[in-house]
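Engineer: Give me coordinates for this.
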Amino acid sequence: MDRSRARQDHFDAVVVGGGHNGLVAATYLAKAGRSVVVLERQDQVGGAAVSAEAFPGTGARLSRYSYLVSLLPQQIIDDLGLDLELVRRRYSSYTPVAGGTSGLLVDNEDRKATRKSFRRIDAGDDAGAFGEFYGRTATLAERLWPTFTKPLLRRAEARELVGDDEIWADFIEQPLGGVIERSVESDLVRGVLLTDGLISTFARAHDEDLQQNKCFLYHVVGGGTGDWDVPVGGMGAVSGALERAALAAGVEIRTGAEVTAVAPNGVVHYQPAEENSRMRSVTGEYVLANVTPAVLGRLMGGPGADGFATSAGAAEGAQVKVNLLLSRLPKLKDPEISPEQAFGGTFHINELYSQLDTAYTAAENGRIPSPLPIEIYCHSLADPSILSESLRESGAHTLTVFSLQTPHRLSHDADHDVLREELQAAVLESLNSVLAEPIEDCILRDGDGKPCIETKTTLDLEETLGLTGGNIFHGPLSWPFAEDDAPLDTPAQRWGVATDHQRVLLCGAGSQRGGGVSGLGGHSAAMALLEEH
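Structural biologist: Numbering: from 1, shown residues only. Now for the predicted structure:
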């Protein structure tokens, strides 16, 4: 290799994986004067934060995998100069009564209407307690959120910062089911509270490992308010803004570059996508791994190599995602709620507290839950820009359905195509249970005459995006603070991105505080590296 080529392939940092966290890390480092290359297996960057015309010829660009933004700090947006618009939704959620013709509509802008809705489902006594519950989570958000872009606090420091021992005990130290059951009585209202603890997390309300608590915490602290916003233009707008910022800062991005090995000394081998291309390598003073810890372990020598061991269960995702393009929003059984209201926030279906537990038991025994707990989000109501002008004029809308309690283990020993069809059928059956008409009557067809519906299982996410076990968080979530006895001697440890190798850092969702579309894994890795040098 000649000297110019050798210089070209030596960088201050090699980022493995061009998802949003990798782009955040790369851009911070490049803006600080470091030389950075990003290696991405697919032909575009963005990872799960992308938009695509999932249904050819329709003119609709859907957020194919991830779809809402809550955990992306304004500091990262400002530091990187991201051209990004986020829209706040008026309605928080709508939850119909199973088998009934009424439901609970939580209106962020009308407290009286929300209280009336509680009375409609015979849960009037829970209205005040519901508000008090989220008032307590607001304390967690206000106190803890500012720490997410700083080195890790220890547990005792975080507890002192929260300043309320009862709140700390209820949400951090004891299973989430306890505080939910003490706070409200209605099975439906309890279910609304629990769902944020079960997103891609296969758990029960009273599990002692507290994974449901950790998942819940990340869903209520974003931005210091817990609000979940719609990215105008879809998730592709988020990754697009990051890609532009990275390129403007001088980051070199190589797509179609599948990394095959990472060495502790910073040498990274990758296979270009071009036909008959030879294996290539680059060297970094540091390697930032925007892949799951399990994938990094394999790249560094095997599934159990160097402390990166992970079991299938540990990295298990628990969701199915279904994207639909509709000619119009479907009619509801509830005569007092319009489709625009119901689909304007998060639409909860078959997510009673008791149903969520029954669904867990079914899945634990290898069965698809029936009815299947699902949540629905309509991007096009808040942001019609993802639709072509003709689709907007016709009244078309997108729906994104996200299931709960459908763990990756259901795919073990199953025919994947058959399983995908069964899960899709379960989603549609669950949705139809609260509609006044079959959803199938509203589904548009693409240019080839096929129904505009696509289903992504945990196995699809594993195969397409490299998410071990289909887990959107890259593995079990961790608290956003360090334990009191955890080693915090190095910058990488203080920022929650350390591995067993000094020159290899985590920079994705598998880092501490890294779950969700947040950029926090990338920010933490960049800060650790810049603190080191």
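Engineer: Do a quick rundown of the helices in the stretch 401-533 of the chain.
Structural biologist: Secondary structure of the stretch 401-533 of the chain by DSSP state H, counting those that start in this stretch: the helices cover 416-432, 458-465, 491-494, 520-532.
Engineer: Correct me if wrong: Leu217 contacts Phe171.
Structural biologist: Yes. Applying C-beta atoms under 8 Å, one finds Leu217 in contact with Phe171, separated by 6.6 Å. (C-beta placed from N, C-alpha, C; glycine too.)
Engineer: Name the residues contacting each of those two.
Structural biologist: Listed as contacting both Leu217 and Phe171 by C-beta atoms under 8 Å, 6 or more residues apart in numbering are Leu140.
Engineer: re the thing from before, tell me which of the helices of the stretch 401-533 of the chain is the most buried.
Structural biologist: Mean neighbour count (mean count of other C-beta atoms under 10 Å) peaks for helix 520-532 among the helices of the stretch 401-533 of the chain, with a mean of 26.
Engineer: packing partners for that one?
Structural biologist: Applying 3 or more C-beta pairs under 8 Å, 6 or more residues apart in numbering; DSSP states H and E, we find helix 520-532 packed against helix 20-31, strand 280-289, helix 491-494, strand 504-506.
Engineer: Put together JSON lines for those, with distance to Ala362 and mean pLDDT on each row.
Structural biologist: Formatted as JSON lines, these follow (distance: least, C-beta to C-beta, whole Å; pLDDT from 0 to 100):
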{"stretch": "helix 20-31", "distance to Ala362": "34", "mean pLDDT": "98"}
{"stretch": "strand 280-289", "distance to Ala362": "36", "mean pLDDT": "97"}
{"stretch": "helix 491-494", "distance to Ala362": "41", "mean pLDDT": "98"}
{"stretch": "strand 504-506", "distance to Ala362": "34", "mean pLDDT": "98"}
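Engineer: Would you format those as TSV with distance to Gly345 included?
Structural biologist: Shown next, in TSV, are those (distance: least, C-beta to C-beta, whole Å):
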stretch	distance to Gly345
helix 20-31	24
strand 280-289	36
helix 491-494	38
strand 504-506	34
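Engineer: Go through those and pick out the most buried.
Structural biologist: helix 20-31 (a mean of 30).
Engineer: elements contacting it?
Structural biologist: strand 10-16, strand 36-39, helix 74-80, helix 235-249, strand 280-289, helix 520-532.
Engineer: Just send the ones you listed back as JSON lines, with distance to Arg143 too.
Structural biologist: Shown next, in JSON lines, are the helices and strands packed on helix 20-31 (distance: least, C-beta to C-beta, whole Å):
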{"stretch": "strand 10-16", "distance to Arg143": "32"}
{"stretch": "strand 36-39", "distance to Arg143": "34"}
{"stretch": "helix 74-80", "distance to Arg143": "17"}
{"stretch": "helix 235-249", "distance to Arg143": "27"}
{"stretch": "strand 280-289", "distance to Arg143": "30"}
{"stretch": "helix 520-532", "distance to Arg143": "17"}
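Engineer: among these, which is nearest Asp460?
Structural biologist: Asp460 sits nearest to helix 235-249 of all those, at 16.6 Å, using C-beta to C-beta.
Engineer: Please identify the buried residues of the closest one?
Structural biologist: For helix 235-249, a neighbour-count test (16 or more other C-beta atoms under 10 Å) marks 235-246, 249 as buried.
Engineer: Now render the helices of the stretch 401-533 of the chain as JSON lines, adding distance to Trp228.
Structural biologist: Shown next, in JSON lines, are the helices of the stretch 401-533 of the chain (distance: least, C-beta to C-beta, whole Å):
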{"stretch": "helix 416-432", "distance to Trp228": "21"}
{"stretch": "helix 458-465", "distance to Trp228": "20"}
{"stretch": "helix 491-494", "distance to Trp228": "29"}
{"stretch": "helix 520-532", "distance to Trp228": "16"}
